[in-house]
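**Student:** give me a model of this one.
(one chain, ligands or ions: 1)
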Amino acid sequence: MSDQTGIQAGQPSARQTNAMHEDAPEFAREVWNTRLGFVLAAVGSAVGLGNMWRFPYITSEYGGAAFVVLYILMTFVIGIPVLLAEFTIGRRARQSSVGALRAAGGRPWVPLGYLFVLTGMLILAFYSVIAGWVTRYALVALFTGFPEDTGAYFSSIASGIPAMGFHLFTMAVTIAIVMGGVEKGIERASFVMMPILFLVVVGLAVWAATLQGSGEGYAFYLTPRLEELFSARTIAAAAGQAFFSLSLGMGAMLTFASYLSKKENLPREATVIAFTDFGVAFTAGLVVFPVIFALGLQGAVGESTVGALFISLPGAFVSMGPVGRVVGALFFIALFIGAITSAISLLEVVVAALIDEWKFSRKPAAVGAGTIIALIGLWPAADTNALGFLDAVTNNIFLPLGSLFLAVLVGWLLKNPLEEVTRNTSERIRPLLIGWLWILRVVAPILLVFVLYTSLPIVADAFRALTGR
Ligand code: PFF
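**Tutor:** Numbers count the residues shown, from 1 in each chain. Here you go, the predicted model:
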């Protein structure tokens, strides 16, 4: 199908054309400068703490390779379809999540848009606390090296004033980038940072293969035991991880797609982004597991908690001497890049809604929303149980719920959903797109209801830990 708008993303005249287009809002809206810029920004959103910190620790919590198999299944069978659903709604309307949902389903869908905005705020509030730990670790690895007792060290910095300071710093960097705008802030930052992340992660995986005793790590990570494939909790956790890792269910990908030219081929972009996101998570596992097993630290990850990797990995780096210093610094720098490029997408969900719905201009929107989120984040920075609770509520309830509604909206209610996704695609993939619709209509809703149901005890546990009851 040809591009009806004739928009050339990034040229000044394109913005005017964009503004005149019937789908577009009445004022000129920002657009990505290049296709690669969009892909790197979306990959930047997807790749983050979820890939390099949460994925290895959840994998060990759920017993290793069986979890990895389920995670792959969830990413490709359900993740890509929901990602494509977000792209469809976002680019179709060229509005923030609130306006895009209104355009897709009418006024009753507006509250879901605001739920997305709230989810973005809550996730960013705790995400930036963890990103703050990462920032500190990167600096320590670079300048002083980790202390011997990494457990005691982690407890001393994980909450309270030290955590708040680094959380506020992360928020300040995030706000500064988002203030720069879609092209000059987010796209540019992703362009510079993401290639560094890829190089570092691949380099570290190659280095990890040279470690004596890494074999056991690979075995744990890559040899699935079949009986574990059928545990309800493991399936739900794998689905939750896939959704979190792809930034789904809260409008981040929807918002990024709203700045995308009508020329781009949405199914292709969704596939590229999901493969890259999976690739980085998988490669991070090829770093973490050999390192931990080579140093005999598997016990520490086995009893996995939020902090496990912040204790066992630096412990491993310390015992490697000078090499560990370099490798440790590289690992945490890559993690920092992942965290910042995800944080900007979380803030952009809120900022885009303020700009489109409330007619704010970008700078005050970024500073205002960022400051409120920074203040909310003082709570998880003060109390790790609050952090665990926010993580559990958003990952186990808000994201699956958001994804469920998106699947139903695009699968059942949106008029002519194939129109937007077939722009510039080849006729040959049409049967695949029909399959896509049926996944959204049937498979995704059943799975997501199951995920929601299965994860309720996880949220209850986190609530108990928070209230001490
Ligand atoms: N996908 C990010 C990660 O894996 O770290 C986390 C995330 C970012 C979730 C943005 C949701 C979101 F909107």
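
**Student:** doesn't residue 244 make contact with residue 50?
**Tutor:** Yes: between residue 50 and residue 244 there is a contact under CB atoms under 8 Å: 5.0 Å. Every C-beta, even on glycine, is put in place using the N, C-alpha and C of the backbone.

**Student:** could I get the buried residue list for the host helix or strand of residue 270?
**Tutor:** Mapping residue 270 onto the secondary structure by DSSP states H and E places it in helix 266-294. Neighbour counts over helix 266-294 (16 or more other CB atoms under 10 Å) mark 266-267, 269-270, 273-274, 276-294 as buried.

**Student:** sort out which residues of the lengthiest helix in the chain are buried, please.
**Tutor:** With residue count as the measure and DSSP state H as the assignment, the chain has helix 322-358 as its longest helix. Buried positions in helix 322-358, judged by neighbour count with 16+ other CB under 10 Å: 324-325, 327-357.

**Student:** could you report the pLDDT at the closest residue to the ligand within the stretch 151-300 of the chain?
**Tutor:** Distance from the ligand to each residue of the stretch 151-300 of the chain (CB to the nearest ligand atom) is smallest for residue 252, at 3.1 Å. Looking at residue 252, its pLDDT reads 98.

**Student:** which residues touch residue 224?
**Tutor:** 64-66, 68-69 (CB atoms under 8 Å, 6 or more residues apart in numbering).

**Student:** same thing but at 7 Å, please
**Tutor:** Residue 224 makes contact with 65-66, 69, according to CB atoms under 7 Å, 6 or more residues apart in numbering.

**Student:** run the chain-centre distance for stretch 229-249.
**Tutor:** In terms of CA atoms, centre = their mean, to the nearest Å, the gap separating the centre of stretch 229-249 from the centre of its chain is 13 Å.

**Student:** those residues of this structure touching the ligand, which are they?
**Tutor:** 45-46, 48-51, 123, 244-245, 247, 250, 252, 342, 345-346 (CB under 6 Å from any ligand atom).

**Student:** how about a cut-off of 8 Å?
**Tutor:** Residues of the chain lying close to the ligand by CB under 8 Å from any ligand atom are 45-51, 53-55, 119-120, 123, 127, 244-253, 277, 281, 338-339, 342-343, 345-346, 349, 399.

**Student:** buried subset of those?
**Tutor:** Among those, those scoring as buried are 45-51, 53-55, 119-120, 123, 127, 244-253, 277, 281, 338-339, 342-343, 345-346, 349, 399 (criterion: 16+ other CB under 10 Å).

**Student:** show me what the strand or helix carrying residue 88 is packed against.
**Tutor:** Counting by DSSP H and E, the element that carries residue 88 is helix 80-93. With contacts defined as 3 or more CB pairs under 7 Å, 6 or more residues apart in numbering; DSSP states H and E, the secondary structure elements packing on helix 80-93 are helix 97-105, helix 252-257, helix 266-294, helix 399-408, helix 417-421.

**Student:** the inter-axis angle of that helix versus helix 399-408?
**Tutor:** The directions of helix 80-93 and helix 399-408 differ by 70 degrees, with axes from the mean of the first three to the mean of the last three CA atoms, to 10 degrees as the criterion.

**Student:** out of the helices and strands packed on helix 80-93, the one nearest residue 149 is which?
**Tutor:** When these are compared for distance to residue 149 using CB to CB, the nearest one is helix 266-294, at 17.4 Å.

**Student:** and the closest one, how far out from the chain middle?
**Tutor:** Centroid displacement of helix 266-294 relative to its chain, using CA atoms, centre = their mean, is 12 Å.

**Student:** now do residue 26, the pLDDT please.
**Tutor:** What the model reports for residue 26 is a pLDDT of 50.

**Student:** and for the closest residue to residue 158 other than its chain neighbours, the neighbour number?
**Tutor:** Here the nearest residue to residue 158 in space, its sequence neighbours aside, is residue 384; by CB to CB, 6 or more residues apart in numbering that works out to 5.8 Å. Burial of residue 384 is recorded as 21 neighbouring residues (other CB atoms under 10 Å).

**Student:** residue 159 is in contact with residue 384, correct?
**Tutor:** Yes: using CB atoms under 7 Å, residue 384 is in contact with residue 159, at 5.2 Å.

**Student:** flag every buried residue along the helix or strand hosting residue 243.
**Tutor:** In this structure, residue 243 sits in helix 232-245 according to DSSP H and E. Residues of helix 232-245 classed as buried by neighbour count (16+ other CB under 10 Å): 234-245.

**Student:** take the residues you listed and write them to JSON lines, including pLDDT and distance to residue 364.
**Tutor:** What follows is the buried residues of helix 232-245, written out as JSON lines (pLDDT from 0 to 100; distance: CB to CB, whole Å):
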{"residue": "234", "pLDDT": "89", "distance to residue 364": "45"}
{"residue": "235", "pLDDT": "90", "distance to residue 364": "44"}
{"residue": "236", "pLDDT": "88", "distance to residue 364": "40"}
{"residue": "237", "pLDDT": "88", "distance to residue 364": "40"}
{"residue": "238", "pLDDT": "92", "distance to residue 364": "41"}
{"residue": "239", "pLDDT": "91", "distance to residue 364": "38"}
{"residue": "240", "pLDDT": "88", "distance to residue 364": "35"}
{"residue": "241", "pLDDT": "92", "distance to residue 364": "36"}
{"residue": "242", "pLDDT": "94", "distance to residue 364": "36"}
{"residue": "243", "pLDDT": "94", "distance to residue 364": "32"}
{"residue": "244", "pLDDT": "94", "distance to residue 364": "30"}
{"residue": "245", "pLDDT": "96", "distance to residue 364": "32"}
